[in-house]
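In: fold the following for me, if possible:
(chains A, B, C and D)
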Protein chains: 4
Amino acid sequence: MSETKAFGHETYLSPFTWRYGSDEMRALWSEAGKRRLWRRIWVALAEAQAEAGLVTAAQVADLRAHMDDIDLERAHRIEAEIGHDLVAELRCYAEQCPIGGGIIHLGATSMDIEDNADALRLRRALEIIEAGVQALLLALAERIGATCEMPAMAYTHLQPAEPTTVGYRLCQYAQDLLLDLENLERAKALVRGKGFKGAVGTSASYRQLLAGTGMSPAEMEARAMAALGLEAWPVATQTYPRKVDWMVLTALAGLAQSLHRLALDVRILQAAPYGEWSEPFGRAQVGSSAMPFKRNPVTAEKIDSLARFVGALVPVAWENGALQALERTLDDSASRRAILPEAFLATDEIVRAATRIVRGLSVFEPAISRNLAAYGPFAAVETVLMELVKAGGDRQYWHERLREHSQRAWAAIQAGRPNPLIAELAADEELTRLVPAAQIQELLDVRRYLGDAVERCQQLVRELRKRVEARGRGDGRQGPEA
Amino acid sequence: MSETKAFGHETYLSPFTWRYGSDEMRALWSEAGKRRLWRRIWVALAEAQAEAGLVTAAQVADLRAHMDDIDLERAHRIEAEIGHDLVAELRCYAEQCPIGGGIIHLGATSMDIEDNADALRLRRALEIIEAGVQALLLALAERIGATCEMPAMAYTHLQPAEPTTVGYRLCQYAQDLLLDLENLERAKALVRGKGFKGAVGTSASYRQLLAGTGMSPAEMEARAMAALGLEAWPVATQTYPRKVDWMVLTALAGLAQSLHRLALDVRILQAAPYGEWSEPFGRAQVGSSAMPFKRNPVTAEKIDSLARFVGALVPVAWENGALQALERTLDDSASRRAILPEAFLATDEIVRAATRIVRGLSVFEPAISRNLAAYGPFAAVETVLMELVKAGGDRQYWHERLREHSQRAWAAIQAGRPNPLIAELAADEELTRLVPAAQIQELLDVRRYLGDAVERCQQLVRELRKRVEARGRGDGRQGPEA
Amino acid sequence: MSETKAFGHETYLSPFTWRYGSDEMRALWSEAGKRRLWRRIWVALAEAQAEAGLVTAAQVADLRAHMDDIDLERAHRIEAEIGHDLVAELRCYAEQCPIGGGIIHLGATSMDIEDNADALRLRRALEIIEAGVQALLLALAERIGATCEMPAMAYTHLQPAEPTTVGYRLCQYAQDLLLDLENLERAKALVRGKGFKGAVGTSASYRQLLAGTGMSPAEMEARAMAALGLEAWPVATQTYPRKVDWMVLTALAGLAQSLHRLALDVRILQAAPYGEWSEPFGRAQVGSSAMPFKRNPVTAEKIDSLARFVGALVPVAWENGALQALERTLDDSASRRAILPEAFLATDEIVRAATRIVRGLSVFEPAISRNLAAYGPFAAVETVLMELVKAGGDRQYWHERLREHSQRAWAAIQAGRPNPLIAELAADEELTRLVPAAQIQELLDVRRYLGDAVERCQQLVRELRKRVEARGRGDGRQGPEA
Amino acid sequence: MSETKAFGHETYLSPFTWRYGSDEMRALWSEAGKRRLWRRIWVALAEAQAEAGLVTAAQVADLRAHMDDIDLERAHRIEAEIGHDLVAELRCYAEQCPIGGGIIHLGATSMDIEDNADALRLRRALEIIEAGVQALLLALAERIGATCEMPAMAYTHLQPAEPTTVGYRLCQYAQDLLLDLENLERAKALVRGKGFKGAVGTSASYRQLLAGTGMSPAEMEARAMAALGLEAWPVATQTYPRKVDWMVLTALAGLAQSLHRLALDVRILQAAPYGEWSEPFGRAQVGSSAMPFKRNPVTAEKIDSLARFVGALVPVAWENGALQALERTLDDSASRRAILPEAFLATDEIVRAATRIVRGLSVFEPAISRNLAAYGPFAAVETVLMELVKAGGDRQYWHERLREHSQRAWAAIQAGRPNPLIAELAADEELTRLVPAAQIQELLDVRRYLGDAVERCQQLVRELRKRVEARGRGDGRQGPEA
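Out: Numbers count the residues shown, from 1 in each chain, chains lettered A, B, ... in the order given. Just a heads-up that it's a prediction; the model follows:
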C-alpha cells in the first residue's frame, strides 16, 4: 500500500488518470470522492437511527460537521496496520468526531456502506454518459437534417452497391445510439443500493439494535435510503446483486459497439481511395509536409481502440456475477476496482470524441460525386435494360450489349480513368434509337435511386429530437462540452 | 456443401443436435424450418404487391399452395452450382409454382427475406426461453414459500457467517432471474424485422416497382410486415442492426449468469462437507456401489459448463455489430449460423435443467442443523458478551474468557467433534452467575438471528407470483415440461 | 438423449456438420470415431495387464476382435437407463466379448479412457491443421516469390503512405503464420494423455491390482501408453490438466488471428476504390447482371467471421482450466463437447479457404498502377525538395511552392482526375531550371522507394521453404486438397 | 492532456498505481521510463549512423550526454500544441542538445523508436514475471517435499473421493506452472523489435540516407539493434507484428489461469466445512472478535479476481492483431496503453501473492484427519467386500450388508457425528468371523490407498529443481521478495 502522496510520471499512471476521460468522471472515481460518499452514507444511517432514538442529535451533528474532512494520509496509515480500507476510514472519521465517533457504523457491515456508495457512483457515472449520448444524438440529428438529401454511394461488402444519402447513413448510427440510450436508462434505473441489510442480507443486526424502538429494520433502511435518494433491492446477500455491475457494463459496451461502428465507417470513408468523409482536424495539427491535406483518422482510430477495451471488460463483470458463491465471496473486489472506473472513463472519452467527429465531420462533395459518377451508373444499367425491352428491344441481345459496355467502363475505372458508361451509352446509336440519349441521362440520374431515404431521415430526426428533448428536461440538458 | 441426406454418428454431430436442448428449439433452428419461413415471407411480400396490383391473385395463390413444399435435395443441388442458398431456394420454389414462380422476390434483396426470417426465429426462440424462466420462477416461488422459515448458516467467503433461511437464499436467485426475464422481454420487444427495404435500405427497388400504383414502399412494407406479425425498423442498411443480435445474446448470457450462480451454490452445498442440498437423482441413476448415497452434482455442473459457453458467444455478436462496415459486410454471416442457434439451445437446456433442480432439490435438514449447531453459536457470542456486561460483568475480562471458550470450541470442530460452546458456556459457573444458563440457551437460539429474512421472502414470493402471472396470460402460461 | 438414427434438416444441424470443415476433421470428431478410440485404449490397457499376468491372452484377443464393432444403437439404449456414456459403451462392448468382456476397464476410471482418447483426437486434429498451414505457407512462398518486385502503394491508417511491393505485404502474413505453425507444433507436443492413474490420479487401484505381479503402476501405464503412441503427464488429477485444452485452442486462435488479418486485407484491397486484389471466383459463380466483374469478397468475409468464432471459444477453455476445483469438477465436460470440435472445424475451414485465396488471388496490375500513380508521387515530393535545395534553391520558398503543387494535385484526385503532379512539376519552368524535368521523372520513380523490400522477400521465401520442408518430411507433406 | 504534475487521490488513480503490483514493475511502465528508452534508442540509431559517416561523433556524444534528462513538463507543453507525444519528446530532446539535436531520428519513423522501446519493456517485464514464477516453483517444490507423504482426502465434483497426499495435490499446480514458465520463456524469445525499417517497413528512407556510404539498411539496423541487445523481426509493417502482444498476454493469462486454480483450491479447502488449508495471516490482521481463528481467504480471492482481469485483456490483444489493416492502423494504440501495463501489473501482484500463500500455507492436520476419518473408510469398503468373498462369503449377501453399514455411517456424518463405519464393521461378529477385526482395521488404513503419489511427488520435485535451477543461472536467481 502506497502513501497518500501524489503520483508522478516516474511510476505507472493509467492513461485514464491523465490521457483519456473527463475530469468530472475522474473525480467521481477518485478515492477521496468515494470516501466522502462513505461518510455521507454513515451520516444517513445515523440520522435514521436518531429517529429511532438509538443515537442523539448531537452525535449526528458531529458526524455531519466532519463529513467532508477526508484525511487520506491518516486513513492509509491505519489501513497499513489493519488491512481493511473501510474500517480504517471509519476509525479516521471517528477520531475526528469526539461526540459522534462512537456511533458511526452502528449495526452495519462494510458492504452496507461500500455497496451503497458504489451504487451512487454508478448512477452518477451513467448520468454523465447519458448526457454525452444525448449531445451526440442532437449533433447527429443536425447533421442528418443537413445531409438527408445528399446522394452518395452505398457500399456493401466494402464494394459500391447502389446510391443512398449521407444523412441516411448517419441515421443508422443514430438508431443504434437510441437503443444504447435506452439501455443506459434501464441500467440506471436498476442501479439500486444494497440498502442496510447487514452481513448476510437479513438485517439481523439492525433488528437486534432496533428491538423495542418501534422502528423495523425495513423502516430504518427506507429512511436512510431516502436521504441518499437511492432505492434499495428487496433482497440482498452481503452485497447488491453483482449482475447489476454486468448490466451497467453491458450498457456501456453496447454504446462502445455503436461508436466502434461509426468510427470504423469514418476510417473507411476517410481513406483516400474513398475520400468522402473526414474527421475534423485542428488548425495546429499538421500532417506531413508533402501531403498537408492528407489526414489520418486518429480520433476514429482511438474510438475503435477504446471501444474494444470497454467491450473486453464485460466478461469480468459477468464472471463476478456468475461466480459469487453463497452469501458473497470477495473474488469480485479487486477486479471491480479496475473495471468499473476504466469502463466509464474509456466510454466517456469515446462519446466525447464521437461527438466532436459528428459535429466537425467534413463531407467532401467532390469525392462523393466522383464515386457516384464512377460507380453509380452501374446500378442503373438494369433500368436501362428494362426501358430497352419496353421499347421493343430483345432482352438477351441488349443484356449482352450492356454487359460489354459495363465491362469496358469498369476496366477504365480500374485503370484510373473516369467512368465512360453514360457517354458511351449515349453514343451508341443503335441504343439511342430505342431509348433517346436524354432519357438515358435521366435514367442514370442518381436521384431516381434514393427510394424513400430522405423521408426516413426526416422522420428519424423528428423522433430523435422528441426523444432527447423528453429526456433533456432532466439533468442531461447541457451535455458535455466536447 | 454436403448432400441433403441425414447425418449419423460417423460424422460430427453437434451436442446441440442430439444431446442438449429441446426438440422444439431444435426444430425452430432447422434448415427446413428456416426455409418455410422464407417462403412465408415471400408470400407476404407477394400479397402486399398484389394489393398494389403488381401481381395477380392467382400468382399469390400458387405461391401459397406450395409454401410448405420444402425440397432440400433439389435446393442444395442448385446451391452447389450457384453458391447462394437463398437464391437456390428461390429457384427451387419457383420451379414448383408454374403460375406464380416468376414473381417471387419481386424487388427484394436476399436480406429482405433472410433477416425477417431471422427476426421471427429469434422472437419465437425468446418466447420459448421466457416460458422456461417463468416456470423456473414459479418453482422457486414455491420452494421459497416452503423454506422461508427454515434457518441455515449463511456463508461469506465460503466461510460460515451468520444464520439466514433457506428460502432467503433462494430469493437471491429469484430476484436475479426477474431481471433476466425483463431483459428477455425487452430483447423480444426489440426483435424487429429489417422490413422490405432492398439492397441498401432505401427501398429504391420497391419505389421503382410501385411507381404509379398509388402505394408507397412504406405502405407495402407495412402490409407485408403486418401479415408476418412483425414490426420493422424505421431505418436499415442491407440488414437489420446487428446490435440486436448482441442484445438478444446478452439477455441469454444474463440468464446463463444467474443459472451459473444458482448451480454453483448447489454444487457447493451438495459437497459432503457442507451437505445441505442436493440436486434430484433418478432412481436408476446409481452412484458408486460403496457410497450409493453419495451423489455428484452432475446436472449443476452441466449448467455451469453450458452457461460459460453461452457467455462466451456474446463477444462474437458484439464484434458482428461493431465491425459491420457501411451498408453491410458479410463477416457476420458464418458465425451467426453457429452462435444464434447454439446460444439458444444451450440456454434452453440449462433453464430446463435448473427447473428440474429447483423442483426436486433435496434439502437435508440434519446436515443443515449440524452446520448451524457447529457454526451458529459463534455468531451469537457477541450477544452473550453484551448481556454479561449489562449484568455487571467487566467487558475486558469477559471478552477474553469468551475468546478462550470459542477457541476451544473451534478446535473441537476442526478435530471432528460437535461444537461444545453452548454446553461449556452453560457449565461455566462464573458466567451463569451473571447470565443464567437458560438465558444463554435462548441467546444462542438461531431464530433470534434471522432478521427480517422471512418477511422479505414472503414479499418476494408475492411479487414473483404477481409478475409471472401478469406475463403468463400471454404465451408463457404452460412453461416447459422440464 | 436422442436415438442413434441419423439427423436431417428438420432438426438443428450445426453448420460444422454440413457446411464448414473437411470430412476428415468431421470424422475425427464423430461419436463413432471416439468410441473406436475408447475401445483401442481398453485393448491397450488389457494388453499391458496381460503382460502382468492379470488377464489372459485369450481375453485380450477377444477384445481386439471386437474393437471396431461399434453399436451405437445398443449403447445409447443402455445410456438411456444409466445416464453414463462411457459405462454404456463399456457394457455394450462387454456384451460383444464373451471371453474378455469381464476384464474390460480393469482398475480404470472413466477418464483413464476418455482423456487419453481426447488427447489422441486433439493430436490428430492438430496434425490436420498443421498440414493445412504448411500448404498455405508454400502457397504464400510461391506468391511472394512471384510478386516480390511488383511495386504497390502501402497504406497506413488505410491512407496511402509510401510504396512497398505486393510480395512484401504477403511476407507479413507468412511471418505471422510461421509463428502459428510453431504454436501448433508446441501445442501438439504438449498433448499428452492422462495415462492410467485412476480416480484421483494416484494409480491406487492399479497398485492394488498389480500387487504381487512385479509390475508397478508406472510400468503398466508406460506399456499401455506406448501401445497408443502417446506420452502421459507425470502427474494428473482425475483428468489431464485442462490448461492443455486452452493451449490447443489458443494455438488455433492465433492462427485464426493471422487469417483474420490476411482476409481483412483482401477485403479492403478488393474494395473497388482500392481495387488491387481479388479473391478467386468460380466460373459458375455469377455476380450481378449489371456488374459481372464486380465481386464480393465472400470467402474472405467467411474467414473473418469464423476466425472471430474461433477466438471467442478460447475463454471457455481458459475458465475450464481456471475453475477445475481440487481433483476435478465436471463443469468442463458439456462445453468441451462443443468447443473442441467446433474450434477445429472452423479453423480447418478457414485454413483451406485462405489457401484457396492465396493460390488464386487475382492481383490487378492496372489498379495497382493507378493507385501508385495517384498517390505515389506525394511520397516523393520531399526528395524533390532536397534536390532543389542541393541545386541552390531556397528551402522555404520551394517548400511552399511544392505544397501548392501538391494541394492542387490532391484536389484533382479527389474530384476524380488523374494525379497531375508529375506533369505540373515538369512543366514548372522555374523548377526545371534547378532540377531538369527528366530528373524529376526519375526522382518520382516508385522503384527508388522500395528500400530493401525485395531482398527481405527473397530471404523470407528461403526461410519459409526451409522450415516447411523440414516439417514436410513428417506427415504434413501433401497438405489439404483445398 | 493533463500537466506533468503529480496526481493525487482527488482524481482517478488506477489500483495498479498504488494498490497492486511491485514498484519495479510500475517504474518499468512509467512515462518517464518509456522516454528514457526512446532516447536510448535514438542514441543507438545515431551511433549506427555515425559508423556510416552520416553523423559525427560529437553529435552522438551530445545526445548521449542528455540521454536521461527527461523534462516531461516541457515535452507535454509541446505535445499540447502538436498532438504527437513522440515528436514532442524529440523536440524537447533536441532543444537540450545544441550539437546533436538536429540529427536525432534521422530517417526514422515514430514506430522505429516506440516499437523497439515497447519490445524492451515487454522483455524486461517478462523477466520480472519469470523470476516470480521461479520463486513460486521453488516454494512449491519445498512444500511438496514436506507434504508428499501426508494423506488427505481427494475431492472430485467437490465430493470426497479417494485419498491422495497433500504434496500430490500441490504437484498439479507445479506441473501447470512449469508449462506457464515455458510459455513465458517462449514469449520472451519472440519479443523482438521492429528494428529500423521506416514508415512501411521497407527501410526506404534509410536506404536513401545510406546511399553511397557502403552500409546497407540491414547493416545499420543490425548495429543499432545490437547496441540495444534486441533482435529485429525479418519483416515488419510500420510496426512489429501485433500478434506478439497477444502471445505475451496469452502467456500471462496462462499463468493467471494456473494461479486462479491454485487460489480457488485454497479458498475451498480453507472453507471451515473442509478446513484443511489456510492462507497465512498477519499477526495484526485481526478476524472477528467472536471468531478470531476464523479466517477469510482474502488473498486467494484477490488472486482469483485479478486473474480473471488478466484473462479478459487477452481478446483486446487478439483483436489488435486481427484488425491491423494493411501496413498498420492506429486502432491498437489507445488500448495498448492500458492493457500492456495492467496485464503485467496484475500478474505481478498475483504471482507474489501466490508465492506468499504457498510459503505460508497452513496445513491443518487435525481437520485433514477428521475428513479422512469421515470419508476415507467408504473408499475402502470395496476392498473389504473382496476380502469377504475371498474368505468364502457370498458376494450378494455381503454387498447388501456393507451397503447398510455404509448407509448408517453416512447418516451419522450428515447429522454431525463421527463416521462409525470402522467400529461397526469391527463389531459385526458375522463379518469378523470371515475377516478378523484387525485385518479390517488394516484394510481401512488410508496409506493402502495412496498408490504411487509419493513417488510421483519426489520425481516432480527433482524435475522442478532441475528446471528452475537451469534457468536460475540467468537473471531469475533471486526471485521477488514477496
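
In: can you pull the buried residues of the helix or strand residue A:352 falls within?
Out: For residue A:352, the element it lies in under DSSP states H and E is helix A:333-360. For helix A:333-360, burial by neighbour count (16 or more other C-beta atoms under 10 Å in any protein chain shown) applies to A:333-359. Glycine gets a C-beta too; all of them are placed from N, C-alpha and C.

In: what sits against the residue nearest to the spatial centre of chain A?
Out: Among the residues of chain A, residue A:255 comes closest to the average C-alpha position under C-alpha atoms, centre = their mean, at 3.7 Å. By C-beta atoms under 8 Å, 6 or more residues apart in numbering or on different chains, the contact set of residue A:255 is A:129, A:133, A:177, A:180, A:183, A:184, A:347, A:351.

In: could you list the domains of chain A?
Out: Using automatic domain parsing, the domain parsing of chain A gives A:30-103, A:110-191+A:239-281+A:293-363+A:455-476, A:368-444.

In: which stretch in the ones you listed has the least confidence?
Out: Lowest mean pLDDT within the domains of chain A: domain A:368-444, a mean of 89.

In: of the contacts of residue A:255, list those near chain B.
Out: Counting by C-beta under 8 Å from any C-beta of the partner chain, residue A:183 from the contacts of residue A:255 sit close to chain B.

In: alongside chain C, which residues does the stretch 101-250 of chain A contribute?
Out: A:155, A:156, A:157, A:158, A:159, A:160.

In: any idea what the first one is bridged to?
Out: On the basis of DSSP bridges, residue A:155 takes part in beta bridges with residue A:160.

In: which parts of the stretch 251-400 of chain A sit against chain B?
Out: Counting by C-beta under 8 Å from any C-beta, the stretch 251-400 of chain A sits next to chain B at A:253-254, A:256-258, A:260-261, A:264-265, A:268-269, A:307-308, A:311, A:314-315, A:318-319, A:321-330, A:383.

In: ok, now which ones touch residue A:412?
Out: Taking C-beta under 8 Å, 6+ apart as the test, what residue A:412 contacts is A:418, A:419, A:420.

In: how far away is residue A:339 from residue A:122?
Out: 12 Å (C-beta to C-beta, to the nearest Å).

In: picking up where we left off before, highest neighbour count among the residues of the stretch 101-250 of chain A next to chain C?
Out: residue A:155 (29 neighbours; other C-beta atoms under 10 Å in any protein chain shown).

In: who are the packing partners of the helix or strand residue A:58 falls within?
Out: Using DSSP H and E, residue A:58 sits within helix A:57-65. Judged by 3 or more C-beta pairs under 8 Å, 6 or more residues apart in numbering or on different chains; DSSP states H and E, the packing partners of helix A:57-65 are helix A:31-51.

In: who does the helix it packs on touch, helix- and strand-wise?
Out: helix A:57-65, helix A:72-82, helix A:85-96, helix A:110-147, helix A:217-228.

In: what's the most buried one of those?
Out: Comparing these by mean neighbour count (mean count of other C-beta atoms under 10 Å in any protein chain shown), helix A:110-147 ranks first with a mean of 22.

In: give me the distance from it to the chain's centre.
Out: 8 Å (C-alpha atoms, centre = their mean, to the nearest Å).

In: can that helix be found next to chain D?
Out: No: using C-beta under 8 Å from any C-beta, helix A:110-147 never reaches chain D; the gap is at least 11.2 Å.

In: who does that helix touch, helix- and strand-wise?
Out: Helix A:110-147 packs on helix A:23-28, helix A:31-51, helix A:85-96, helix A:166-190, helix A:217-228, helix A:243-270, helix A:333-360, helix A:453-471, going by 3+ C-beta pairs under 8 Å, 6+ apart.

In: as a markdown table, those with distance to residue C:91 would be great.
Out: Formatted as a markdown table, the helices and strands packed on helix A:110-147 follow (distance: least, C-beta to C-beta, whole Å):
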| stretch | distance to residue C:91 |
| --- | --- |
| helix A:23-28 | 64 |
| helix A:31-51 | 62 |
| helix A:85-96 | 59 |
| helix A:166-190 | 52 |
| helix A:217-228 | 58 |
| helix A:243-270 | 44 |
| helix A:333-360 | 47 |
| helix A:453-471 | 64 |
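
In: residues contacting residue A:87?
Out: Counting by C-beta under 8 Å, 6+ apart, residue A:87 has contacts A:78, A:110.

In: tell me the angle of the helix or strand encompassing residue A:368 relative to helix A:243-270?
Out: Here residue A:368 sits within helix A:365-390, counting by DSSP H and E. Helix A:365-390 runs at 80 degrees relative to helix A:243-270, counting by axes from the mean of the first three to the mean of the last three C-alpha atoms, to 10 degrees.

In: so what's the closest residue to residue A:244 other than its chain neighbours up against?
Out: Closest residue to residue A:244 apart from its sequence neighbours, by C-beta to C-beta, 6 or more residues apart in numbering or on different chains: residue A:190 at 5.7 Å. Counting by C-beta under 8 Å, 6+ apart, residue A:190 makes contact with A:244, A:247, A:248, B:179.

In: show me which pair in these is furthest apart.
Out: A:248 and B:179 (12.2 Å; C-beta to C-beta).

In: okay, these two: which has more neighbours?
Out: For residue A:248 versus residue B:179, neighbours defined as other C-beta under 10 Å are more numerous around residue A:248 (27 against 18).

In: measure the closest residue to the more buried one other than its chain neighbours to residue A:132 for me?
Out: Excluding the flanking residues, the one nearest residue A:248 by C-beta to C-beta, 6+ apart is residue A:187, at 4.8 Å. Remark: distance between residue A:187 and residue A:132 (C-beta to C-beta) = 15 Å.

In: swap in residue A:174?
Out: Counting by C-beta to C-beta, the gap from residue A:174 to residue A:132 is 15 Å.

In: cool, and residue A:212?
Out: 50 Å.

In: got it, and residue A:442?
Out: 46 Å.

In: how about residue A:142?
Out: 16 Å.

In: likewise for residue A:375?
Out: Counting by C-beta to C-beta - residue A:375 and residue A:132 are separated by 36 Å.

In: with residue A:341 instead?
Out: Taken as C-beta to C-beta, the span from residue A:341 to residue A:132 is 16 Å.

In: cool, and residue A:469?
Out: For residue A:469, the distance to residue A:132 - C-beta to C-beta - is 16 Å.

In: and residue A:143, by the same measure?
Out: Distance from residue A:143 to residue A:132, by C-beta to C-beta: 17 Å.

In: can you check residue A:141 too?
Out: 15 Å.

In: got it, and residue A:339?
Out: 20 Å.

In: next: residue A:266.
Out: 18 Å.

In: swap in residue A:171?
Out: Residue A:171 sits 20 Å away from residue A:132, going by C-beta to C-beta.

In: I figured residue A:98 hits residue A:59, correct?
Out: No: Residue A:98 lies out of contact with residue A:59 (C-beta atoms under 8 Å); the separation is 10.2 Å.

In: identify all contacting residues around stretch A:203-210.
Out: Contacts for stretch A:203-210 (C-beta under 8 Å, 6+ apart): A:49, A:52, A:54, A:106-109, A:196-199, A:216-218, A:220-221, B:162-163, B:383, B:448-453.
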